[in-house]
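Q: Predicted coordinates and the sequence they were generated for:
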Number of protein chains: 4
Amino acid sequence: MNTYDLSQLRDALRKFAEERDWDQYHSPKNLASALAVEAAELLERFQWLTEDQSRNLAPDDLAKVRHEMADVLNYLVRLADKLDVNLLEAASEKIQLNAQKYPVDKSRGSAKKYSDL
Amino acid sequence: MNTYDLSQLRDALRKFAEERDWDQYHSPKNLASALAVEAAELLERFQWLTEDQSRNLAPDDLAKVRHEMADVLNYLVRLADKLDVNLLEAASEKIQLNAQKYPVDKSRGSAKKYSDL
Amino acid sequence: MNTYDLSQLRDALRKFAEERDWDQYHSPKNLASALAVEAAELLERFQWLTEDQSRNLAPDDLAKVRHEMADVLNYLVRLADKLDVNLLEAASEKIQLNAQKYPVDKSRGSAKKYSDL
Amino acid sequence: MNTYDLSQLRDALRKFAEERDWDQYHSPKNLASALAVEAAELLERFQWLTEDQSRNLAPDDLAKVRHEMADVLNYLVRLADKLDVNLLEAASEKIQLNAQKYPVDKSRGSAKKYSDL
């Protein structure tokens, strides 16, 4: 099985949708819904676990979590393709903005101060 | 501003959390919640738009959407780091599994047939 | 089959959890996750439909949607019980606040102006 | 300030939307998105808290949580109105179905066994 890089993943997802004529369903609005749904399916795996249990998943549970994470990434990449967004650029920019927004000395140890990251 | 690749992004997020002593909040359970919350913030940008409007975002709206997408990716990368999941490997595997699950000739043009992708 | 009112529903859900010793899982944090997960399952039913299709569900689809809506209400009532929140009071208050926030003459026909309701 | 019952709440929300000509945005598809978004805003209030902290909210935090719960209920009631669903009937039915699905003697103390409630 091949491992794609991000741009190969984008191309594979594009081809996948085209071959099945699913492009018609992939409006950004719908893809954003699908992404939120997949993120919730991922969350479902953790909802009744304690935080400690979530750090020590059994191999079977981890395998399922891993697949849900894959779905999230795939929809995110698909949405980025549709909107012509460079995900790595956007994510890099955001972390650098967050570094300014949450200076180390004022943010240490307090979750109160942040909602983003 | 630097653009990270995925492993640099992981390292930058790791350092970001460590410097602020936020690692204590970043249990997989909590990160999965945060990811779902960010995905919903992304969805919020589209909720009252028609599908057509979602394909033609004004530059300002696209900029906000792009930042929400960055947040989603950043939490996903952070969660992958905590669970030691290789995101690209998982996503590549999933798309190849989906290709078997949704054969082209039986899936053409029908959203009924799929829920995943 | 009996139809409960809201306070009977609260009591039935409380008894249901107690009998199964599930109260230990029902922290507000976990119930809020479960509620978000159920809301996403509801959304999943609509994600590939057009808005028009969503207004004309087939009986089978409506039956599934109805069950997802029931799950959302049940978790919301359970969370309200745990936090001692009067849902109807809170909802009534919110709609009256929204009436002030979105005056009729300034809000007509524009989704831009509102995110809440 | 008046406290509505569920059917008065439905009527107040209907009037609210009509007066502002917002009915056009309130397709079931869009309302399901808005509901999921509000549920995530509720979850956001809990995402970095421990379960114990979530059981002991400060009055200010509880007030915010209460408003998010109100938003969830209001969208759920609005969606039920659009789909002509009787929420209390559906919720009552669901809890009685769950009682059969999760018999007391087989479900005691195990979150593994259930995903719904």
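A: Nice, I can see it.
Q: correct me, but A:Phe16 touches B:Asn98?
A: Yes - using C-beta atoms under 8 Å, A:Phe16 is in contact with B:Asn98, at 7.0 Å. In this view, the C-beta of every residue, glycine as well, is placed from N, C-alpha and C.
Q: Buried residues, the longest helix along chain A. List them.
A: Longest helix in chain A by number of residues (criterion: DSSP state H): helix A:59-83. By neighbour count on 16 or more other C-beta atoms under 10 Å in any protein chain shown, the buried set for helix A:59-83 is A:62, A:65-83.
Q: packing partners for the helix or strand just after that helix?
A: Next along the chain after helix A:59-83, taking DSSP states H and E as the criterion, comes helix A:87-101. Here helix A:87-101 touches helix A:59-83, helix B:6-19, helix B:59-83, going by 3 or more C-beta pairs under 8 Å, 6 or more residues apart in numbering or on different chains; DSSP states H and E.
Q: can we see that at 6 Å?
A: helix B:59-83 (3 or more C-beta pairs under 6 Å, 6 or more residues apart in numbering or on different chains; DSSP states H and E).
Q: Would stretch A:32-49 count as contacting chain D?
A: Yes - residues of stretch A:32-49 are located near chain D by C-beta under 6 Å from any C-beta of the partner chain, namely A:Ala36, A:Trp48.
Q: Then stretch A:50-60?
A: No - against chain D, stretch A:50-60 shows no contacts by C-beta under 6 Å from any C-beta, the least distance being 7.3 Å.
Q: Name the residues that touch that stretch?
A: A:Phe46, B:Ser27, B:Pro28, B:Lys29 (C-beta atoms under 6 Å, 6 or more residues apart in numbering or on different chains).
Q: What separation do you get for the third one and chain D?
A: Which is B:Pro28. 13 Å (C-beta to the nearest C-beta, to the nearest Å).
Q: which residue packs closest to that residue, ignoring adjacent ones?
A: With sequence-adjacent residues excluded and distances taken as C-beta to C-beta, 6 or more residues apart in numbering or on different chains, B:Pro28 is closest to A:Ser54, at 4.1 Å.
Q: centre of the chain versus whichever strand or helix holds that neighbour, how much separation?
A: Assigned by DSSP H and E, A:Ser54 belongs to helix A:51-55. Offset of helix A:51-55 from its chain centre (C-alpha atoms, centre = their mean, to the nearest Å): 20 Å.
Q: Of all the residues in that helix, which ones are buried?
A: Buried residues in helix A:51-55 (16+ other C-beta under 10 Å): A:Glu51, A:Gln53, A:Ser54.
Q: Can you give me the distance of the last one to chain C?
A: Which is A:Ser54. A:Ser54 is 11 Å from chain C, by C-beta to the nearest C-beta.
Q: Then the second one?
A: With distances taken as C-beta to the nearest C-beta, A:Gln53 is found 11 Å from chain C.
Q: Same check on A:Ala58?
A: Relative to chain C, and taking C-beta to the nearest C-beta, A:Ala58 is found at 18 Å.
Q: now A:Asp71
A: With distances taken as C-beta to the nearest C-beta, A:Asp71 is found 12 Å from chain C.
Q: is the worst-scoring helix or strand of chain A on mean pLDDT up against chain B anywhere?
A: Least confident helix or strand, chain A: helix A:104-107 with a mean of 87, by mean pLDDT, DSSP states H and E. Yes - Helix A:104-107 comes into contact with chain B (C-beta under 6 Å from any C-beta), by way of A:Val104, A:Ser107.
Q: that older thread, same for chain B: which of the buried residues of helix A:59-83 are within range?
A: Applying C-beta under 6 Å from any C-beta, the subset of those adjacent to chain B comprises A:Arg66, A:Met69, A:Ala70, A:Val72, A:Leu73, A:Asn74, A:Leu76.
Q: Determine the three-state secondary structure at A:Phe46.
A: Secondary structure, DSSP: H, G, I helix; E, B strand; the rest coil: A:Phe46 is coil.
Q: Just list the residues touching it, thanks.
A: A:Ser54, B:Lys29, B:Ala32.
Q: how about 7 Å then?
A: By C-beta atoms under 7 Å, 6 or more residues apart in numbering or on different chains, A:Phe46 lies in contact with A:Ser54, B:Pro28, B:Lys29, B:Ala32.
Q: top of those residues by neighbour count?
A: In terms of neighbours by other C-beta atoms under 10 Å in any protein chain shown, these top out with B:Ala32 at 31 neighbours.
Q: Save the contacts of A:Phe46 as JSON lines, and put in secondary structure too.
A: Formatted as JSON lines, the contacts of A:Phe46 follow (three-state DSSP):
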{"residue": "A:Ser54", "secondary structure": "helix"}
{"residue": "B:Pro28", "secondary structure": "helix"}
{"residue": "B:Lys29", "secondary structure": "helix"}
{"residue": "B:Ala32", "secondary structure": "helix"}
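Q: farthest-separated two in the residues you listed?
A: Spatially, the most separated pair among these is A:Ser54 and B:Ala32, at 7.7 Å (C-beta to C-beta).
Q: rewinding a little: what's the angle from the longest helix of chain A to helix B:59-83?
A: With axes from the mean of the first three to the mean of the last three C-alpha atoms, to 10 degrees defining the directions, helix A:59-83 sits at 160 degrees from helix B:59-83.
Q: burial measure for A:Leu57, as a count.
A: Neighbours around A:Leu57, by other C-beta under 10 Å: 18.
Q: Count the neighbours of the residue nearest to A:Leu73 when sequence neighbours are not counted for me.
A: With sequence-adjacent residues excluded and distances taken as C-beta to C-beta, 6+ apart, A:Leu73 is closest to B:Ala91, at 4.6 Å. Applying other C-beta under 10 Å, we find 26 residues neighbouring B:Ala91.
Q: B:Ala91 contacts A:Tyr75, doesn't it?
A: No - with contact defined as C-beta atoms under 7 Å, B:Ala91 does not count as touching A:Tyr75 (10.1 Å).
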